[in-house]
Every structure is written in structure tokens, then in C-alpha cells.
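**Student:** All I have is the shape, not the residue letters:
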């Protein structure tokens, strides 16, 4: 016997909870997001003659591949991530260098093709964030850097030329006397301190920096002769800053110096 079930009460169906509250969703909501990617970035560094008698001299040439920047802003924090797949720096100071000394910096390695050379993650969180203590341990600024598979060539002539270029370009030997400026600054600061009311003391900002290195090789080149090779398979460096206090911890693994 079949009975009509039209008079039965219709069952009400509700979506199952995913375990995340509205507060959690608000924390994860992004108000601004930026993604920027460059497949190949190439730059050249020239040194010009101040008197204009000689043409510009090419010092080094930089080539970076698969460079990307990601940034997003949320209610209580902001996060920036930078990734670089490979990097090379060619030496043009030395005339006709040997092929093994042509690249001052290189990152090509068959064992780590899929792994990025440099990965940087920067997080800035507000103190009123619900995740400030449970997730970030009360640290406002967190910076994580990972560097993998890089080779550095130290050539005396090239290194001295680049240092000279930096000193000439970014320093001002004919600048004003800093002592006079500092005395004026001290006087102005004293006046301000006399007028400003005492402010409530706040907890100093905490900054954490974590650096991980893997497969770093340093080769010393003496006019085309390889003197020594310094190899570091793994290294971890941690720096913690709070107010006027700095704590540094480092761990090195499998460090070798080879006499070539």
C-alpha cells in the first residue's frame, strides 16, 4: 500500500560548518593585493669618465630570471614575498678572463633547477591582531630569507674597481661638516625635550630575522689562478632585536676550505 506523503513536514537542510568563524574570515580577508612577475631582468653597470674624454666603461652585467613580487594587505598585517629563480653577474673589468672566472656570481645547479635561488618573506603585524601572540609570538616584524646554490668569484682587480666605483658614486668628500650639524641638532632636541610633556612608555618593537643558506661556494681568483675554494653546505642565522638589545645565533654545517 502506497501512502501519499505530501502532508509530511519538509526537512530543513543546512550547510555544515567549516570550523571558521566570521572573525577568522575577517582576519584572512585581503583589502589589497599585488602580484608582479618578470621573466628576465638585465642590467649593466657603466663607469663614465668625469672629463668626458673616454667612452663609458662596462664594469659588470647582471641577469636575473623569473623574478616575482607578491604583496597583500589585511586588517591586522601586511605580507610581502620576493622570489628569484636564478642570478648571474658577468665580469667585464678583466680583459679576456678564463671561462670559469667570467661570472662573478652564478646560481646554476643541476640538482636544484626547480628551487628558487632567493626567497624572502616579510610580515608586519599590528599589536591588536588576534594572532599577535599565538601565531607571531608577540613579534611585530618577521623577515625570513632563504638563499640556495650560489657561487661567488673573488677577483682582486674587479673587486677593487667596484669598491672604488661605489665610494666615488655614493659618498660626498666635499660635504658639510657633520659636527656643526650635530651640534645644531642637539640644541634643537634639548629645546623640544623641555617643551614636550612626558609620554607614556611603550613596549619596544621586536624584529626577528631568519636567514637560511645552502650550497654557498666562494672561490678566490688571483690573476687567473684559483687559490682556494670555501664551501658551506648549510648555515642558519637568526637575529632578534628588541629595543636596545640584539641577540644573534648562528649554526654552520659542513664547512670546508680547499687549497687549489
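**Tutor:** Yep, that arrived. Since the structure is predicted, the reported quantities are computational estimates derived from the model, not experimental observations.
**Student:** Show me what the most centrally placed residue in the chain is bridged to.
**Tutor:** Centroid-nearest residue in the chain, with Cα atoms, centre = their mean: residue 120, separated by 4.8 Å. Note on residue 120: beta-bridge partners residue 82, residue 145, judged by DSSP bridges.
**Student:** again, but for the one 4 residues further on
**Tutor:** Beta-bridge partners for residue 124, by DSSP bridges, are residue 78, residue 141.
**Student:** Isn't it up against residue 136?
**Tutor:** No: applying Cβ atoms under 8 Å, one finds residue 124 not in contact with residue 136, separated by 10.0 Å. All C-beta atoms are positioned from the backbone trio N, CA, C, and that covers glycine.
**Student:** where does residue 160 land in three-state SS?
**Tutor:** Per DSSP: H, G, I helix; E, B strand; the rest coil, the local secondary structure of residue 160 is helix.
**Student:** just residue 128 next, same as before
**Tutor:** Secondary structure assignment for residue 128 (three-state DSSP): coil.
**Student:** Ranking helices and strands of this protein by mean pLDDT, which lands last?
**Tutor:** Of all regular secondary-structure elements in the chain, judged by mean pLDDT, DSSP states H and E, the least confident is helix 178-195 with a mean of 51.
**Student:** Tell me the helix or strand right after that one.
**Tutor:** Going down the chain from helix 178-195, the next helix or strand is strand 206-222, by DSSP states H and E.
**Student:** That following strand: how far from the chain's middle?
**Tutor:** 12 Å (Cα atoms, centre = their mean, to the nearest Å).
**Student:** in that strand, what counts as buried?
**Tutor:** When neighbours are counted by 16 or more other Cβ atoms under 10 Å, the buried residues of strand 206-222 are found to be 206-208, 210-211, 213-217, 219-221.
**Student:** Surely residue 253 and residue 235 touch.
**Tutor:** Yes: under the criterion of Cβ under 8 Å, residue 253 is in contact with residue 235, at a separation of 6.7 Å.
**Student:** These two: which is more packed in?
**Tutor:** residue 235 (17 against 11; other Cβ atoms under 10 Å).
**Student:** need the contact list for that one.
**Tutor:** For residue 235, the contacting residues are 212, 213, 214, 216, 250, 251, 252, 253, by Cβ atoms under 8 Å, 6 or more residues apart in numbering.
**Student:** quick revisit: considering the buried residues of strand 206-222, which is situated nearest to residue 158?
**Tutor:** Of all the buried residues of strand 206-222, residue 221 has the smallest distance to residue 158: 8.7 Å, by Cβ to Cβ.
**Student:** show me the contacts for the closest one.
**Tutor:** When the contact criterion is Cβ under 8 Å, 6+ apart, the partners of residue 221 are 101, 153, 154, 155, 156, 227.
**Student:** which of those residues count as buried?
**Tutor:** 101, 153, 154, 155.
**Student:** need the helices for this structure, in chain order.
**Tutor:** Assigned by DSSP state H, the chain shows helices spanning 22-28, 156-170, 178-195.
**Student:** Give the buried residues for stretch 61-78.
**Tutor:** 61, 64, 65, 67, 74, 77, 78.
**Student:** Verify the stated contact: the last one with residue 124.
**Tutor:** Yes: under the contact definition of Cβ under 8 Å, residue 78 touches residue 124, with a separation of 5.2 Å.
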